[in-house]
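> Sharing a model prediction with you, sequence too.
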Amino acid sequence: NAGVTQTPKFRVLKTGQSMTLLCAQDMNHEYMYWYRQDPGMGLRLIHYSVGEGTTAKGEVPDGYNVSRLKKQNFLLGLESAAPSQTSVYFCASSYSTSGGSVKSSYNEQFFGPGTRLTVL
Amino acid sequence: GNSVTQMEGPVTLSEEAFLTINCTYTATGYPSLFWYVQYPGEGLQLLLKATKADDKGSNKGFEATYRKETTSFHLEKGSVQVSDSAVYFCALSGSARQLTFGSGTQLTVLP
């Protein structure tokens, strides 16, 4: 199993350009997440998905869009890149907890290796 | 909302020294608590977790105890190795099944 993979690993964009980051997981996980990591700020959640065809906003969603057309893939799009989007982007996935309990929140997230994006 | 406050780094220790990285949290309800580790150039890996008050998570010689009364989840290791050099993140998972991370602590262990 490859786990969680991300493409590309590195990318440099000019302001205003668009791009799509691809995340793929082969663990049959229901949940998938996109985070950005900035120095001194830890990881912040951009968008997430609790299943195929569903997406939801996280803490910092502005300037990003996502799609989950297939269960194994979660795409992050930047329509018009800005220098403030220079960051390292991490994708993660997790299984859904059993029993349907809202309190069942301890689902380990498995992370990809990251994509380093620079916007000039 | 939920938040995690983590001891600021960087932390530099000699091999076999004792490690403590402090983590406190603010959350509604009963969150689960985690420590993740990030080795250079890699994604995050789960190091240990605790799901309820007084639980102790442990892995690879690292330990952390869920202290509800002090809202803390401090990471400890009795004898660090050079291979433990990494960035450590404290995190909590609330009822929305999302992780809230601390800012991370860079640990460097010198031989």
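Received, thanks.
> which other residues reach stretch A:46-65?
A:30-36, A:44-45, A:66-71, A:74, A:76-80, A:82, A:84-85, A:89, A:96, B:97-98 (CB atoms under 8 Å, 6 or more residues apart in numbering or on different chains). (Each C-beta comes from the backbone N, C-alpha and C, glycine too.)
> Give me the pLDDT value at the nearest residue to residue B:7 once chain neighbours are set aside.
Nearest non-adjacent residue to residue B:7, counting by CB to CB, 6 or more residues apart in numbering or on different chains: residue B:22, 4.0 Å away. Note for residue B:22: predicted pLDDT of 97.
> what's the distance between residue B:22 and residue B:99?
19 Å (CB to CB, to the nearest Å).
> between the two, which one's more packed in?
For residue B:22 versus residue B:99, neighbours defined as other CB atoms under 10 Å in any protein chain shown are more numerous around residue B:99 (30 against 16).
> Could you pull up phi and psi at the residue positioned nearest the centre of chain A?
In chain A, the residue lying closest to the centroid (CA atoms, centre = their mean) is residue A:34, at 1.9 Å. Main-chain torsions, residue A:34, degrees, to the nearest 10: phi -120, psi 130.
> Same check on residue B:83?
According to degrees, to the nearest 10, the main-chain angles of residue B:83 amount to phi -70, psi -10.
> Quick one: residues contacting the nearest residue to it once chain neighbours are set aside.
The spatial neighbour of residue B:83 that comes closest, neighbours along the chain excluded (CB to CB, 6+ apart), is residue B:109 at 7.8 Å. By CB under 8 Å, 6+ apart, residue B:109 lies in contact with B:12-15, B:17, B:80-85.
> swap in residue B:24?
By CB under 8 Å, 6+ apart, residue B:24 lies in contact with B:4-5, B:70-73.
> ChimeraX command for the buried members of the residues you listed?
Buried subset of the contacts of residue B:24, written as a ChimeraX selection, criterion 16 or more other CB atoms under 10 Å in any protein chain shown:
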select /B:4,71,72,73
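> which of the contacts of residue B:24 lies closest to chain A?
Nearest to chain A among the contacts of residue B:24 is residue B:4, at 7.6 Å by CB to the nearest CB.
> Give me the neighbour count for residue B:110.
Close neighbours of residue B:110, defined as other CB under 10 Å, add up to 11.
> what do you get for residue B:37?
Neighbour count of residue B:37, defined by other CB under 10 Å: 20.
> Spell out which parts of chain B neighbour chain A.
B:4, B:6, B:29-32, B:34, B:41-46, B:49, B:51, B:89, B:93-99, B:101-104 (CB under 8 Å from any CB of the partner chain).
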